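Peer 1: this is a predicted model, with the sequence first.
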Amino acid sequence: MKIDVHYTPLGLATGDLTGRGVVVIDALRATTTVVTAIANGAKAVIPAATSEEAVRLASNLEKDGVVLAGERKSVKIAGFALGNSPREMTPAAVAGKTIVLATTNGTPALVSTQGGDPVLVGAPANFKALAERARALLAERGDLAIVCGGREKQFALEDAYTAGRLVKAIRKGIRKLELNDAARGALALVDEFDDWAEALKASEAARQLADADLAEDVEFAARPDRFGVVPVYADRRIT
């Protein structure tokens, strides 16, 4: 059995994930936002690599049931109904709707994993359910890839820590498990922090969000197991 962690999607070539089980993590904030939206009744979330692509994708859908959401430099994109805050993904805002989401790091990472089967969307917010699903997937396939959104094409502490927690959770009881270097590094990172809140708040992303008056998003994202759903990305949409 083998687990590969990728700190960003940049090193992935076309076809690298085809047919493999994949988990995508962008804890601050895209995957937390997606999990919250699906848990609160969104019909689907469609990730877009850019805001321009989001507008184009939304234009091809029925307008009544579509909500544009996204951020650039942490702030809601002008003209979009919602930003990338999980706190905005209330039942009143998203239930029964298709959310077209464009973010700086998370949605490009999701788009890069097309071809994975399945592609699970993970965050601290659904961690227990995610770990159970990922463990079953590893047992079935013998192989799992964890792809982190990263931060501006570089290592992101909050994503690597979450990946490490996931590796630790699903490796229990498995005698022979091969880890790539990034997976070993993520696993070692787990011991550096006492809990989710400490790890996430220590990140550069958390400081940037605080500067944008979005520190409450960090607190929201750092509370584990809010939801029991594990969204799946397939055919360009997350359900």
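Peer 2: In hand now; what should we look at?
Peer 1: just give me the neighbour total for residue 126.
Peer 2: 27 (other C-beta atoms under 10 Å). The way it works is simple: take the backbone N, C-alpha and C, and place the C-beta from them, glycine included.
Peer 1: and the gap between it and residue 227?
Peer 2: Distance of residue 126 to residue 227, computed by C-beta to C-beta, to the nearest Å: 5 Å.
Peer 1: ok, residue 186 next?
Peer 2: 23 Å.
Peer 1: which one's more surrounded, the two?
Peer 2: Between residue 186 and residue 227, residue 186 has the larger neighbour count (other C-beta under 10 Å), namely 26 against 20.
Peer 1: tell me who's in contact with the more buried one.
Peer 2: By C-beta atoms under 8 Å, 6 or more residues apart in numbering, the residues touching residue 186 are 5, 146, 160-161, 163-164, 167.
Peer 1: which of the residues you listed count as buried?
Peer 2: 5, 146, 160-161, 163-164, 167 (16 or more other C-beta atoms under 10 Å).
Peer 1: how about these in CSV, adding pLDDT?
Peer 2: Compiled in CSV, these are given as follows (pLDDT from 0 to 100):
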residue, pLDDT
5, 98
146, 98
160, 98
161, 98
163, 98
164, 98
167, 98
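Peer 1: so of those residues, which ones are in helices?
Peer 2: 160-161, 163-164, 167 (DSSP state H).
Peer 1: now the helices for this structure?
Peer 2: Going by DSSP H, the chain shows helices at 30-39, 51-59, 91-94, 106-112, 127-141, 157-171, 181-189, 196-201, 204-211, 215-221.
Peer 1: give me whichever of these is most buried.
Peer 2: helix 30-39 (a mean of 30; mean count of other C-beta atoms under 10 Å).
Peer 1: quick one: list the elements packing against that one.
Peer 2: strand 44-48, strand 98-102, helix 106-112, strand 119-122, helix 215-221 (3 or more C-beta pairs under 8 Å, 6 or more residues apart in numbering; DSSP states H and E).
Peer 1: off-centre distance for stretch 13-30?
Peer 2: 9 Å (C-alpha atoms, centre = their mean, to the nearest Å).
Peer 1: what is the end-to-end distance of that stretch?
Peer 2: Length of stretch 13-30, first residue to last, C-alpha to C-alpha, to the nearest Å: 22 Å.
Peer 1: what is the mean pLDDT for it?
Peer 2: The average pLDDT within stretch 13-30 is 93.
Peer 1: in it, what counts as buried?
Peer 2: Applying 16+ other C-beta under 10 Å to stretch 13-30 flags 16-17, 20-30 as buried.
Peer 1: just give me the closest of the buried ones among the contacts of residue 186 to residue 60.
Peer 2: residue 146 (31.5 Å; C-beta to C-beta).
Peer 1: what's the distance between that closest one and residue 40?
Peer 2: 25 Å.
Peer 1: ok, now residue 239?
Peer 2: Counting by C-beta to C-beta, the gap from residue 239 to residue 40 is 14 Å.
Peer 1: neighbour count for the two, which is higher?
Peer 2: Shown here are residue 239 and residue 40; by other C-beta under 10 Å, residue 40 has more neighbours (17 against 13).
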